[in-house]
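**Student:** Sequence and computational prediction follow.
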Amino acid sequence: MSFYHGEKIVLFIDGANLYAATKALGCEIDYRKLLDEFRSKGKLIRAYYYTALVEDQEYSPLRPLIDWLDYNGYYVVTKTAREYTDSQGRRRVKGDMDVEIAVDMLELASHVDHVILFSGDGDFRRLVEGVQRRGTRVTVISTMKSNPPMVADDLRRQADNFIDLADLVARIGRPPRPAQSESAFEDEN
């Protein structure tokens, strides 16, 4: 990993995308270890976690994670997911957080040295380019070691650094637990 001593770092975690990548790799993230890992790399200014929640759902399996993150050093950004029926008549939930991530990242870019984006979504390539024009380095964390790869090639190439999530699992992972909730969300790719 390419980090400089004392640099100001901000994490941007696309929750649904990170969940899909960890599921593809057959691992889970220990979010306390994740914070510790990046605190050891520089001055961690903030860690954002983005996810959509289903409205009017009595219980969301995502809620315990959101609450834990909120009380343990993450700035959690949520919005209401939309429900729809796909062409096969199946109920689907869409909760894209791309705009929220883009706005927050662009607002903070000139105040930090290094942005870490946990997402492989190719829609973020132009955002990464814009952040780089502001003089901020960008590292993308996703995986190419799944089948299919979870990172868009143009996003990986645009980033200053790419870290394969599979290479981080030994430091930030934990043994998998029973199924979690982000799998209900569809990505707009």
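**Tutor:** Yes, it's here.

**Student:** Just the strands from the protein, written as ranges.
**Tutor:** For the chain, the strands defined by DSSP state E occupy 8-14, 28-29, 43-54, 75-85, 91-94, 114-118, 137-142, 161-164, 173-174, 185-186.

**Student:** As a check, name the ranges of all helices in this structure.
**Tutor:** Using DSSP state H, the helices of the chain run over 15-25, 31-39, 63-71, 98-109, 125-133, 153-158, 165-172.

**Student:** which one of those helices is the most hemmed in?
**Tutor:** helix 15-25 (a mean of 23; mean count of other C-beta atoms under 10 Å). Glycine gets a C-beta too; all of them are placed from N, C-alpha and C.

**Student:** Help me confirm that Asn161 comes into contact with Val128.
**Tutor:** No - contact between Asn161 and Val128 fails when scored by C-beta atoms under 8 Å: they sit 11.0 Å apart.

**Student:** anything in contact with each of the two?
**Tutor:** Residues touching both Asn161 and Val128 comprise 138, 140, with contact defined as C-beta atoms under 8 Å, 6 or more residues apart in numbering.

**Student:** Throw the helices of the chain into JSON lines and include distance to Ile116 and mean pLDDT, thanks.
**Tutor:** Converted to JSON lines, the helices of the chain look like this (distance: least, C-beta to C-beta, whole Å; pLDDT from 0 to 100):
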{"stretch": "helix 15-25", "distance to Ile116": "12", "mean pLDDT": "94"}
{"stretch": "helix 31-39", "distance to Ile116": "7", "mean pLDDT": "97"}
{"stretch": "helix 63-71", "distance to Ile116": "16", "mean pLDDT": "94"}
{"stretch": "helix 98-109", "distance to Ile116": "10", "mean pLDDT": "97"}
{"stretch": "helix 125-133", "distance to Ile116": "11", "mean pLDDT": "98"}
{"stretch": "helix 153-158", "distance to Ile116": "13", "mean pLDDT": "98"}
{"stretch": "helix 165-172", "distance to Ile116": "11", "mean pLDDT": "95"}
